[in-house]
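Undergrad: below are the sequence and a predicted model; questions follow.
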Amino acid sequence: MTQPMDVMSFAIASACLVGGVLIGIVLRTLFGRLAQRAGDTASRWDDMWWGLLRQIALPAAGITGAWWAVGVLRPQEPVRGFVERVLLAAIVLTVSLTIAGLAANMVRSLTLSRSGVAHSASIFVLLTRGTIVGVGVLVLLQSIGISVAPLLTALGVGGLAVALALQDTLRNLFAGIQILASKKVQPGDYVRLDTGEEGYVDDINWRNTTVRQLSGNIVIVPNAHLADTVMTNYHQPAEEMSVSVQVGVSYDSDLDEVERVTLEVARDVMQTVEGAMPDHEPLIRFNTFADSRINFSVILRASQPAAQFVIVHEFIKRLHRRYRAENIEIPYPSRELVLSTAAPNTDRVDLTA
């Protein structure tokens with residue numbers, strides 16, 4: 001020590017350290033309440049800033065108090081140099097984590113504003129946070145006297161071996177980036193894979209894509225497989241979709257009357273069922289002379305993929321009820337068998353004569 005450490009210096013240093021921690025706790029509590037109030041506003045940016053200040057309040061105040069305490073105690077070398085390097089490393093680490101969190105929140109907000117859904121594409125968030133934290137670790141090592149040049153060289157040489165060992169992981173990573181960059185699939189889209197699975201895309205992370213089915217189950221699809229598969233996206237180019245219902249009536253039916261009644265039911269469904277498009281004019285197209293009926297298609301329209309099931313459900317119920325009231329027959333499949341009543345030929349030819 002450059003000067004004998006007396007009780008007064010130690011007391012002042014302790015007061016600086018404890019005071020810094022207490023100030024950090026008070027600021028953290030204050031910023032937390034402000035962040036809760038900001039959550040009631042429409043903007044997401046004020047939530048992000050108050051949350052960021054709440055996150056760094058305690059570490060920043062604690063480091064500041066520790067630095068004041070070191071200034072009061074004035075330890076001699078090498079203790080002073082070691083303590084200052086530790087505090088500098090803490091500052092660099094705090095700043096790196098803060099910037100990483102800020103950048104990740106900005107990326108998440110931009111993703112939400114572009115896609116307009118309640119789920120984020122976490123692959124960009126993870127890449128942003130990982131890159132900034134990695135740079136912060138390198139600055140941290142350099143600040144405490146560790147040369148990063150040999151480390152970078154070793155990482156460059158070892159990166160090739162890691163890339164070979166993690167081919168599938170890297171393939172999924174770059175496939176996920178390609179999927180999001182192409183904007184063909186975004187979180188919140190309703191998709192159907194060529195294997196039959198369908199549902200809403202919940203998230204696209206660094207390795208796989210999660211698809212939430214209407215039943216609530218989660219289907220996990222590797223990004224590389226998703227990039228190569230044949231997929232139907234019901235949100236592109238618009239979320240609205242046509243719904244086709246197949247109907248058949250008897251050959252004895254008056255087709256003009258069938259068309260009139262069916263259109264009345266279809267219009268009623270479009271106007272009253274939630275998820276239907278009230279402005280859509282239903283269409284009927286007769287298409288097949290089948291074995292026991294004349295088949296036709298009724299074209300309805302849903303505002304979103306999940307609404308198609310309710311629309312079809314209500315349309316079939318109402319159409320069946322109306323057909324019964326109008327005496328329009330929906331025939332069962334039937335076949336007519338014609339049996340011959342002629343007597344079998346009993347004449348014989350004698351081959352021994």
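TA: Here it is on my side, so go on. These numbers were taken from a predicted model, which means no experiment stands behind them.

Undergrad: next secondary structure element downstream of the helix or strand of the chain with the lowest mean pLDDT?
TA: Across the helices and strands of the chain, mean pLDDT, DSSP states H and E gives its lowest value to helix 149-165, namely a mean of 62. With elements assigned by DSSP states H and E, the helix or strand that comes after helix 149-165 is helix 167-182.

Undergrad: so how far is that next one off the chain centroid?
TA: 15 Å (C-alpha atoms, centre = their mean, to the nearest Å).

Undergrad: list the buried residues of that helix.
TA: Neighbour-count burial for helix 167-182, with 16 or more other C-beta atoms under 10 Å as criterion, is recorded at Asn172, Leu173, Ala175, Gly176, Ile177, Ile179, Leu180. Where C-beta positions appear, they are placed from N, C-alpha and C, glycine not excepted.

Undergrad: my guess is Tyr234 contacts Asp189, does it?
TA: Yes. At 7.4 Å, Tyr234 and Asp189 qualify as touching, with contact defined as C-beta atoms under 8 Å.

Undergrad: burial count for the closest residue to Ile91 other than its chain neighbours?
TA: Take Ile91 and drop its neighbours on the chain: the residue closest to it by C-beta to C-beta, 6 or more residues apart in numbering is Ile63, 5.9 Å away. Residue crowding around Ile63 was assessed by other C-beta atoms under 10 Å; the count is 19.

Undergrad: can you check Gln246 too?
TA: Close neighbours of Gln246, defined as other C-beta under 10 Å, add up to 10.

Undergrad: how close does it sit to His320?
TA: Going from Gln246 to His320 by C-beta to C-beta, to the nearest Å gives 14 Å.

Undergrad: now do Ala11
TA: Between Ala11 and His320 the computed distance is 89 Å (C-beta to C-beta).

Undergrad: those two: who's more crowded?
TA: The neighbour count for Ala11 versus His320, taken as other C-beta under 10 Å, is higher for His320 (14 against 11).

Undergrad: for that one, give its distance to Val83.
TA: The gap separating His320 from Val83 is 84 Å, by C-beta to C-beta.

Undergrad: just Ser292 next, same as before
TA: Between Ser292 and Val83 the computed distance is 93 Å (C-beta to C-beta).

Undergrad: cool, Tyr190 as well?
TA: Counting by C-beta to C-beta, the gap between Tyr190 and Val83 amounts to 58 Å.

Undergrad: when the two are compared, which one has more neighbours?
TA: Applying other C-beta under 10 Å to Tyr190 and Val83 shows that Tyr190 carries more neighbours, namely 21 against 16.

Undergrad: low-confidence regions, the stretch 201-350 of the chain specifically.
TA: Applying pLDDT under 70 to the stretch 201-350 of the chain flags residues 334-336, 340-350.

Undergrad: do a quick rundown of the helices in it.
TA: All helices of the stretch 201-350 of the chain, identified by DSSP state H, counting those that start in this stretch, fall at 223-228, 255-272, 308-326.

Undergrad: with just CA atoms, put the first one into CSV.
TA: I take that to be helix 223-228. What follows is helix 223-228, C-alpha atoms only, in CSV (Å, rounded to 0.1, in the frame of the first residue of the first chain):
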residue,chain,number,x,y,z
ASN,A,223,-34.3,-26.9,-42.0
ALA,A,224,-32.4,-28.8,-44.7
HIS,A,225,-35.4,-31.1,-45.2
LEU,A,226,-37.8,-28.1,-45.2
ALA,A,227,-35.7,-26.4,-47.9
ASP,A,228,-35.8,-29.5,-50.2
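
Undergrad: quick one: list the elements packing against that helix.
TA: In terms of contact count using 3 or more C-beta pairs under 8 Å, 6 or more residues apart in numbering; DSSP states H and E, helix 223-228 is assigned the packing partners helix 167-182, strand 208-212.

Undergrad: export these to JSON lines and append columns for distance to Val221.
TA: Shown next, in JSON lines, are those (distance: least, C-beta to C-beta, whole Å):
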{"stretch": "helix 167-182", "distance to Val221": "10"}
{"stretch": "strand 208-212", "distance to Val221": "5"}
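
Undergrad: mean pLDDT for those: which is lowest?
TA: Ranked by mean pLDDT, the helices and strands packed on helix 223-228 bottom out at helix 167-182, with a mean of 77.

Undergrad: toward the C-terminus, what is the element adjacent to that one?
TA: In the C-terminal direction, the helix or strand that comes right after helix 167-182 (DSSP H and E) is strand 190-193.

Undergrad: what does that next one rub up against?
TA: The list of residues contacting strand 190-193 from outside it, by C-beta atoms under 8 Å, 6 or more residues apart in numbering, reads 185, 198-201, 211, 221, 226, 229-235, 239, 304-306.

Undergrad: given that strand, what are its sheet partners and their directions?
TA: On the basis of DSSP bridges, the sheet neighbours of strand 190-193 come out as strand 198-204 (antiparallel), strand 231-233 (antiparallel).

Undergrad: this completes my enquiry, with thanks.
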